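A.B. asks: I need the structure of the sequence given here:
(2 chains)
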Amino acid sequence: MPPIDLPDAEEQCAALAALIRPCLRPDTVLVGIHSGGVWVARRLRDLLDLANEIGLIDVSFYRDDYGERGLHARVKPSSIPFDVEGRPLILVDDVLYTGRTTRAAINELFDYGRPASIQLAVLADRGRRQLPICADFCPWRVELDPLHELILSADDDGRLQWSVAEHA
Amino acid sequence: MRNPQLNANGELTHLLSTDGLPRAVINHILDTASSFLEVSDREVKKVPLLRGKSVFNVFFENSTRTRTTFEIAAKRLSADVINLDVTRSSTAKGETLLDTVDNLVAMHADMFVVRHAASGAPHLIADHLRRLGRNDVHVVNAGDGRHAHPTQGLLDMYTIRHYKKDFANLAVAIVGDILHSRVARSDIHALIALGAAEVRAVGPQTLLPAAIEKMGVRVCHDLGEGIRDCDVVIMLRLQNERMNGALLPSAREYFRCYGLTPMALALAKPDAIVMHPGPMNRGVEIDSDVADGPQAVILPQVTFGIAVRMAVMGILAGN
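C.D. replies: This is a model prediction of the structure:
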């Protein structure tokens, strides 16, 4: 049994889209953080009927724990298929936790140009921030002790679902 | 025996040779390189991975191109790069290799990129660092004698994978002066580790090492036989100093027998790619029509080389 009730992730995507919709501008683009954030960004693009392609970023080269962890996990190429300069961006991730991934993602985005603005949209905010970062759009705030990891995954049909794992 | 390139956890800690590199490690480097490839297209062509680290290019043998590509790769990782032309300074004054290394370690070097005319020099440095207990200092072999040039071997694998996707059904011909070529050795070890179906060593008897079959390659002394129906042709540079000695009658004679002309290349598969580690001798080992032709991927090799060297340094410095 998971230590918390897990909501339906697909319904949360719809709720997140509803939060974002009033703030959209015609040139807004979504940027998903690999891999959970990319799934959510793809859902949001469909739900919001956005014509613009989404960007994908992998923050492995910008992480602050490279010194301890090295480059082990499989790094996916970042792909920003639009001009970042002057663009309003919405950064999309599945879980907001310490804020370190968001920090790395913002740094990476600035290496592509100077965006007009960056907002943050996440499915879940589990608190315990270590940096002054907060989400602009978030349908679910949840308390979870640090021993547990909140994981978004896609099942065989591509449906998004939550699970909780204990850290080894 | 313990693999001197891997630490106790089986992670890459030095890159000395493609010989003995597990397939998973090679694939990890190639996968990581594909992520670095995109960095060079950004407005800011840099990632902060090696910020604060010092990479020392220690070249005991001349090489502008390889040194430059390592320098670019290290700078795109935000490392501080120090180029040392040791042949003209310390070594000329009589300092030993390991004394030079000790001095650079005392200057807080985090990584050495080493080229040396003597086979095994980078290995000796790695061994020395291990004895000093300096597991945090890494060595990359940028070419040692006739032994190995692993980053060239890896960038060749990256290039082949980019164009051919899978190694399992590939026939690869390596043509030219294999005897003196560290690139050929690095390519052969890597191709076999990645499961290439057939590797052919093509060249005159005088330029093939004895017992090269033992590396798992097929020997061909005839160019036509060597490249017939192959998917990849890797041409090697014929070094000028070899041409007038006992090994070869003349450059023109060599070109007539082993030069890659459009007619010779027509024997390979129609979609075969042509590679060359550079610098090329046009009209000696390769015809200009081939070098500039649609099947040549010689310039993409250079671009991929930066990403592969970034991947190698990025992985080493984190282990």
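
A.B. asks: for chain B, what's the nearest residue on chain A?
C.D. replies: A:Gly70 (2.6 Å; CB to the nearest CB). All C-beta spots, glycine's among them, are computed from the backbone N, C-alpha and C.

A.B. asks: what's near enough to touch that residue?
C.D. replies: B:Glu11, B:Ile315, B:Ala317, B:Gly318, B:Asn319 (CB atoms under 8 Å, 6 or more residues apart in numbering or on different chains).

A.B. asks: would you mind measuring from it to B:Ser54?
C.D. replies: Relative to B:Ser54, A:Gly70 is positioned 18 Å away (CB to CB, to the nearest Å).

A.B. asks: cool, A:Pro3 as well?
C.D. replies: 46 Å.

A.B. asks: of the two, which one has the most company?
C.D. replies: For A:Pro3 versus B:Ser54, neighbours defined as other CB atoms under 10 Å in any protein chain shown are more numerous around B:Ser54 (16 against 12).

A.B. asks: which residue ranges of chain B form helices?
C.D. replies: Counting by DSSP state H, residue ranges of the helices within chain B are B:23-37, B:64-76, B:97-106, B:121-132, B:150-164, B:182-193, B:223-227, B:240-243, B:251-258, B:262-265, B:288-291, B:298-317.

A.B. asks: quick one: low-confidence parts of chain B?
C.D. replies: Within chain B, the segments meeting pLDDT under 70 span B:1, B:241-246.

A.B. asks: got the residues of it near chain A?
C.D. replies: Residues of chain B lying close to chain A by CB under 8 Å from any CB of the partner chain are B:11, B:28, B:31-32, B:34-39, B:42-44, B:46-49, B:314-315, B:317-319.

A.B. asks: now the strands for chain A?
C.D. replies: Using DSSP state E, the strands of chain A run over residues A:29-33, A:55-57, A:88-96, A:117-125, A:148-154, A:160-166.

A.B. asks: hmm, the second one touching chain B?
C.D. replies: No: Strand A:55-57 lies apart from chain B when judged by CB under 8 Å from any CB; the minimum separation is 10.3 Å.

A.B. asks: which residues touch that strand?
C.D. replies: Here strand A:55-57 has contacts from A:29-34, A:38, A:41, A:76, A:78-82, A:89, A:105, A:108-109, using CB under 8 Å, 6+ apart.

A.B. asks: most neighbours, which of the contacts of A:Gly70?
C.D. replies: Neighbour max across the contacts of A:Gly70 (other CB under 10 Å) = B:Ala317, 24 neighbours.

A.B. asks: the residue of chain A closest to chain B and A:Leu150, how far apart?
C.D. replies: Where A:Leu150 is concerned, A:Gly70 sits at a distance of 24 Å (CB to CB).

A.B. asks: A:Leu16 too?
C.D. replies: For A:Leu16 relative to A:Leu150 (CB to CB), the value is 16 Å.

A.B. asks: more neighbours: which of the two?
C.D. replies: A:Leu16 (24 against 21).

A.B. asks: interface residues of chain A facing chain B?
C.D. replies: Residues of chain A lying near chain B (CB under 8 Å from any CB): A:58, A:60-62, A:66-67, A:69-72, A:74-79, A:84, A:107-108, A:110-113.

A.B. asks: buried residues in stretch B:198-214?
C.D. replies: Across stretch B:198-214, burial judged by 16 or more other CB atoms under 10 Å in any protein chain shown covers B:Glu198, B:Val199, B:Arg200, B:Ala201, B:Val202, B:Gly203, B:Pro204, B:Leu207, B:Leu208, B:Ile212.

A.B. asks: how long is it from one end to the other?
C.D. replies: Stretch B:198-214 has an end-to-end distance of 14 Å (CA to CA, to the nearest Å).

A.B. asks: contacts only, for B:Arg67.
C.D. replies: B:Asn57, B:Phe59, B:Asn83, B:Val113, B:Arg115, B:Ala142.

A.B. asks: filter the residues you listed down to the ones in strands?
C.D. replies: Short answer: those in strands (DSSP E) are B:Asn57, B:Phe59, B:Asn83, B:Val113, B:Arg115, B:Ala142.

A.B. asks: so who does the residue lying closest to A:Lys76 once chain neighbours are set aside touch?
C.D. replies: Spatially, and ignoring its direct neighbours in sequence, A:Lys76 is nearest to A:Asp58 (4.5 Å; CB to CB, 6 or more residues apart in numbering or on different chains). Contact analysis of A:Asp58 by CB under 8 Å, 6+ apart lists A:Ile33, A:His34, A:Val75, A:Lys76, A:Pro77, A:Ser78, B:Ser35.

A.B. asks: buried ones in the one helix or strand in chain A whose mean pLDDT sits lowest?
C.D. replies: Ranked by mean pLDDT, DSSP states H and E, the weakest helix or strand in chain A is helix A:66-69, scoring a mean of 88. Buried positions in helix A:66-69, judged by neighbour count with 16+ other CB under 10 Å: A:Tyr66.

A.B. asks: check stretch A:70-84 too.
C.D. replies: A:Gly70, A:Leu71, A:Val75, A:Lys76, A:Pro77, A:Ser78, A:Ile80, A:Phe82, A:Val84.

A.B. asks: of those, closest to B:Ala106?
C.D. replies: Of all these, B:Ala106 sits closest to A:Gly70, with 25.2 Å by CB to CB.

A.B. asks: would you mind measuring from that closest one to B:Asp127?
C.D. replies: From A:Gly70 to B:Asp127 the distance is 22 Å (CB to CB).

A.B. asks: re the thing from before, filter the residues of chain B next to chain A down to the buried ones.
C.D. replies: B:11, B:28, B:31-32, B:34-37, B:39, B:42, B:47-49, B:314-315, B:317-319.

A.B. asks: can you list contacts of stretch B:113-133?
C.D. replies: B:4-5, B:14, B:16, B:55-61, B:63, B:66-67, B:70, B:74, B:97-98, B:101, B:105, B:112, B:135, B:137, B:139-148.

A.B. asks: only the buried subset of these, as a ChimeraX command please.
C.D. replies: Buried residues among these (16+ other CB under 10 Å), as a ChimeraX selection:
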select /B:4,5,14,16,55,56,57,58,59,60,61,66,67,70,74,97,101,105,112,137,139,140,141,142,143,144,146,147,148
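
A.B. asks: okay, now residue 162: neighbour count?
C.D. replies: Going with chain A. Residues near A:Trp162, counting by other CB under 10 Å: 22.

A.B. asks: not quite, I wanted chain B
C.D. replies: Residues near B:His162, counting by other CB under 10 Å, number 17.

A.B. asks: burial of the residue nearest to B:Asp136 when sequence neighbours are not counted, as a residue count?
C.D. replies: Once flanking residues are discounted, B:Asp136 sits nearest to B:Asp110: 7.2 Å by CB to CB, 6+ apart. A count of neighbours around B:Asp110, defined by other CB under 10 Å, yields 19.
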